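*Asks:* A structural model of the following input is requested.
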Amino acid sequence: MPAEEGRPTDVILTPEQYSQASVYDLLRAAARGLAGMDQRLLRAIVNRGEAAVGDIVRFGLEERHDDRLDLDDDLVAILSHIGSPEALPFLIDYLRRHPADLPDDILCVFQRMGEPAITPLLELYKELGHEDGYEAAYLLAAVRNRDPRILKTLEERIAHDPWDAALLMGLLGNPEARPILEKLKQRASEDEELAKKLDGEADEALAALDQQTREDAPEAPGLWDLYPEHIEPVFEIMTLEEKLEFLRASSAELRADCAGSFIDREVPPEAARALLDLAQKDANLGVRAAACTALGGVSDDGRAERVLIEKLSDDTNPAAERCGALLGLATMARQNAVLEKYVDEFYANPATMARAVEAMWRSLDRRYAEVFRRHLGDADLDIRRQAIKGAGYLGLSEVAPRITELFSDDDLRLDALFAYAMCVPVKNLLRGDMPQLLRRIEDLAGGLSEAEGEAVETAMDTRLVLHGMAPVFLHLEAETGV
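*Replies:* I've put the predicted structure just below:
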């Protein structure tokens with residue numbers, strides 16, 4: 001599906017349109033954050049098989065200075081799954097630009113290609129030289145082809161790095177490497193400096209040659225284990241004009257996702273008007289509910305407040321819509337006794353209890369502290385997650401040890417890290433102590449991924465802001481909304 005001229009987003013594609021869109025347009029949308037790189041988008045590409053490769057290579061080789069996201073590693077994963085030699089121009093270019101720390105996917109794709117990959121890899125190795133060409137040499141050995149040029153290249157590598165050259169000969173598995181390794185071993189017995197560099201690797205390589213067995217080409221990597229079934233567009237990197245376009249999208253899913261992106265964020269007046277319109281008129285319940293919650297960012301606006309209260313008080317409205325309105329109004333619960341009544345009503349209903357607990361922590365009302373303590377071990381994952389957040393936002397330091405036990409729970413680890421950073425006891429809450437606290441949490445958690453580190457930093461910033469101090473890490477994009 002070609003991009004529509006004059007649209008602010010350049011191209012907006014709904015998931016239902018993925019199968020009709022060109023692979024190039026799918027990738028362009030993903031690179032601008034306008035489509036999430038999820039299984040639906042990937043299947044729309046890989047289901048076309050080798051017919052998709054031309055567009056992928058074209059996209060990957062272009063100068064893409066206007067892209068917001070780097071898709072290089074995603075392209076490697078896709079091409080590894082397809083396994084076509086037609087991908088070589090991009091893959092060789094990728095190696096040229098990323099000569100170290102290659103993803104596992106790229107090894108798989110070269111092993112699956114086999115012979116067609118050899119000449120391009122040899123040419124790349126020659127271009128990069130012995131120092132920068134290590135990964136190319138490794139891939140040549142890992143292809144495990146008996147092409148004599150590979151062994152000759154590895155033999156020449158001995159002068160640069162004898163240990164590495166021996167290791168790669170063992171990986172190559174070509175029996176003709178045996179006399180070369182034996183000669184290298186003999187030289188090492190007479191040359192103390194060479195023996196030190198070789199460090200017994202010639203013996204290891206010879207042993208590897210004795211154990212060689214023929215291996216089938218590896219299977220395509222499991223894309224579906226690497227990418228989620230559904231992920232929304234990357235709204236945080238979009239312009240306001242683009243977000244407004246998504247709020248008007250034909251897809252209810254995209255409208256709801258975009259409305260949700262304004263939750264706990266500052267809502268510009270243009271977006272507030274669009275969200276108010278969606279909350280009142282959208283035909284889709286999920287969209288209305290998300291828009292109601294997002295209006296919490298403008299709940300001090302009289303019109304938005306009136307609409308939310310009206311929705312909340314009308315018990316003929318669907319529960320999801322009323323819950324969205326309650327969440328939108330939750331920041332005012334301490335000043336509005338009427339809202340407290342609805343929090344209690346929803347908490348008493350198992351179907352809406354999770355949203356009630358969420359409204360409690362959004363209110364920052366310490367009267368609900370015991371509720372959070374009570375549900376930290378709840379069997380319902382959603383309720384438990386909201387209780388963890390509540391313990392964090394209310395700074396319930398006495399439950400911090402219980403929260404650390406959740407660091408090993410894959411479903412709750414990120415929430416637990418955030419909450420722990422919010423409530424871990426500190427002698428004095430000082431901005432200058434935050435980096436040290438971050439390192440302490442990292443050690444306690446057994447290390448932090450990039451996303452986990454950012455979550456902890458965001459929690460610390462939020463904690464500082466709630467105590468009237470400026471943030472340190474500056475991950476907060478706007479007001480906390482709570």
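*Asks:* C-alpha only now, for contacts and for neighbours.
*Replies:* Fine.
*Asks:* check A217 and give its pLDDT.
*Replies:* If you check A217, the pLDDT there is 59.
*Asks:* sorry, slip of the keys, the one I care about is E479.
*Replies:* In this model, E479 is scored at 41, pLDDT.
*Asks:* do the same with D264
*Replies:* Model confidence at D264 (pLDDT) stands at 89.
*Asks:* wait, it touches A291, no?
*Replies:* No. Between D264 and A291 there is no contact, the gap being 12.0 Å when judged by C-alpha atoms under 8 Å.
*Asks:* more neighbours, the two?
*Replies:* More crowded of D264 and A291, by other C-alpha atoms under 10 Å: A291, with 34 against 20.
*Asks:* separation between the more buried one and G33?
*Replies:* Distance, A291 to G33, using C-alpha to C-alpha, to the nearest Å: 21 Å.
*Asks:* and if you look at A348?
*Replies:* A348 sits 40 Å away from G33, going by C-alpha to C-alpha.
*Asks:* between those two, who's got more neighbours?
*Replies:* Higher neighbour count among A348 and G33: G33, with 21 against 12, using other C-alpha under 10 Å.
*Asks:* and the chain, what are its domain boundaries?
*Replies:* Domain assignment for the chain by automatic domain parsing gives 15-210, 239-363, 370-482.
*Asks:* quick one: residues contacting the residue in the chain sticking out farthest from the centre.
*Replies:* Relative to the mean C-alpha coordinate of the chain, counting by C-alpha atoms, centre = their mean, the farthest residue is E190 (53.1 Å). Applying C-alpha atoms under 8 Å, 6 or more residues apart in numbering, we find E190 in contact with no residue.
*Asks:* now do it, the pLDDT please.
*Replies:* We have a pLDDT of 89 for E190.
*Asks:* likewise L464?
*Replies:* Reported pLDDT for L464: 94.
*Asks:* number of nearby residues for it?
*Replies:* L464 has 19 neighbours, counted by other C-alpha under 10 Å.
*Asks:* so it sits right up against T458, yeah?
*Replies:* No. The pair L464 / T458 is not scored as a contact, 9.9 Å apart, by C-alpha under 8 Å.
*Asks:* shaky segments in the stretch 251-400 of the chain?
*Replies:* Applying pLDDT under 70 to the stretch 251-400 of the chain flags the ranges 299-300, 333-335.
*Asks:* tell me where the stretch 201-350 of the chain has helices.
*Replies:* For the stretch 201-350 of the chain, the helices defined by DSSP state H, counting those that start in this stretch occupy 201-210, 223-226, 240-247, 252-260, 269-281, 285-294, 302-313, 319-329, 337-347.
*Asks:* could you list the buried residues of stretch 149-169?
*Replies:* By neighbour count on 16 or more other C-alpha atoms under 10 Å, the buried set for stretch 149-169 is 150-151, 153-155, 157-158, 161-169.
*Asks:* do the same with stretch 400-409
*Replies:* Quick answer for stretch 400-409 (16+ other C-alpha under 10 Å): 400, 402-404, 406-407.
*Asks:* ok, of those residues, which one's closest to L42?
*Replies:* Closest approach between the buried residues of stretch 400-409 and L42, by C-alpha to C-alpha: F407, at 31.1 Å.
*Asks:* wait, the closest one sits on L417?
*Replies:* Yes. Using C-alpha under 8 Å, F407 is in contact with L417, at 6.9 Å.
*Asks:* which neighbours do these two share?
*Replies:* Counting by C-alpha under 8 Å, 6+ apart, F407 and L417 have no common neighbour.
*Asks:* show me what contacts A330?
*Replies:* With C-alpha under 8 Å, 6+ apart, A330 has these contacts: 296, 339, 359-360, 362-363.
*Asks:* residues touching stretch 292-300, excluding its own?
*Replies:* Residues from elsewhere that reach stretch 292-300 (C-alpha under 8 Å, 6+ apart): 259-267, 272, 275-276, 279, 304-305, 308, 321, 324-331, 481.
*Asks:* same check on stretch 91-105?
*Replies:* Contacts of stretch 91-105 (C-alpha under 8 Å, 6+ apart): 61, 72-73, 76-77, 80, 106, 120-121, 124, 128, 132-136, 221.
*Asks:* one more: stretch 235-252?
*Replies:* With contacts defined as C-alpha under 8 Å, 6+ apart, stretch 235-252 is touched by 8-9, 14, 33-34, 68, 254-256, 258-259, 261, 270-271, 274-275, 284, 286-287.
*Asks:* may I have the distance across stretch 311-320, first residue to last?
*Replies:* Start-to-end span of stretch 311-320 (C-alpha to C-alpha) is 11 Å.
*Asks:* which of the residues in it are buried?
*Replies:* 311-312, 319-320.
*Asks:* next: stretch 84-102.
*Replies:* Neighbour counts using 16+ other C-alpha under 10 Å place 84-88, 90-92, 94-96, 99 of stretch 84-102 among the buried residues.
*Asks:* thinking again about what came up before, would you list the domains of the chain in CSV and tack on distance to E229?
*Replies:* Formatted as CSV, those follow (distance: least, C-alpha to C-alpha, whole Å):
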stretch, distance to E229
domain 15-210, 5
domain 239-363, 14
domain 370-482, 16
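*Asks:* closest to R146 among the buried residues of stretch 84-102?
*Replies:* Closest to R146 out of the buried residues of stretch 84-102 is P85 (18.8 Å), distances taken as C-alpha to C-alpha.
*Asks:* quick one: contacts for the closest one?
*Replies:* Here P85 is in contact with 113, 116-117 (C-alpha under 8 Å, 6+ apart).
*Asks:* so how far is I118 from it?
*Replies:* To I118, P85 is 11 Å away according to C-alpha to C-alpha.
*Asks:* what's the answer for R64, then?
*Replies:* Taking C-alpha to C-alpha, one finds R64 at 28 Å from I118.
*Asks:* more neighbours: which of the two?
*Replies:* The residue with more neighbours, out of R64 and I118, is I118; 21 against 13, by other C-alpha under 10 Å.
*Asks:* surely that one touches L139?
*Replies:* No. With contact defined as C-alpha under 8 Å, I118 does not reach L139; the gap is 9.1 Å.
*Asks:* hang on, isn't Y393 packed against Y420?
*Replies:* No. Checked against C-alpha under 8 Å, the pair Y393 and Y420 is beyond contact range at 9.6 Å.
*Asks:* neighbours of P425, how many?
*Replies:* Residues lying near P425 (other C-alpha under 10 Å) number 15.
*Asks:* now it, nearest residue through space, not along the chain?
*Replies:* Once flanking residues are discounted, P425 sits nearest to S397: 5.4 Å by C-alpha to C-alpha, 6 or more residues apart in numbering.
*Asks:* roughly how far apart are that neighbour and L42?
*Replies:* Applying C-alpha to C-alpha, the value for S397 to L42 is 44 Å.
*Asks:* give me the residues contacting stretch 138-148.
*Replies:* By C-alpha under 8 Å, 6+ apart, stretch 138-148 touches 107, 110-111, 114-115, 118, 121-122, 150, 168-169, 171-174.
*Asks:* pull the distance from stretch 281-293 to the chain's centre.
*Replies:* 27 Å (C-alpha atoms, centre = their mean, to the nearest Å).
*Asks:* pull out the buried residues from that stretch.
*Replies:* 282, 285-293.
*Asks:* also stretch 342-349?
*Replies:* 342-343, 346-347.
*Asks:* CSV please, covering these and showing distance to A202.
*Replies:* What follows is those, written out as CSV (distance: C-alpha to C-alpha, whole Å):
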residue, distance to A202
Y342, 75
V343, 72
F346, 71
Y347, 70
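*Asks:* ok, so of these, who is nearest P435?
*Replies:* V343 (37.2 Å).
*Asks:* quick check: closest non-adjacent residue to D73.
*Replies:* Excluding its sequence neighbours, the residue lying closest to D73 (C-alpha to C-alpha, 6+ apart) is P103, at 7.6 Å.
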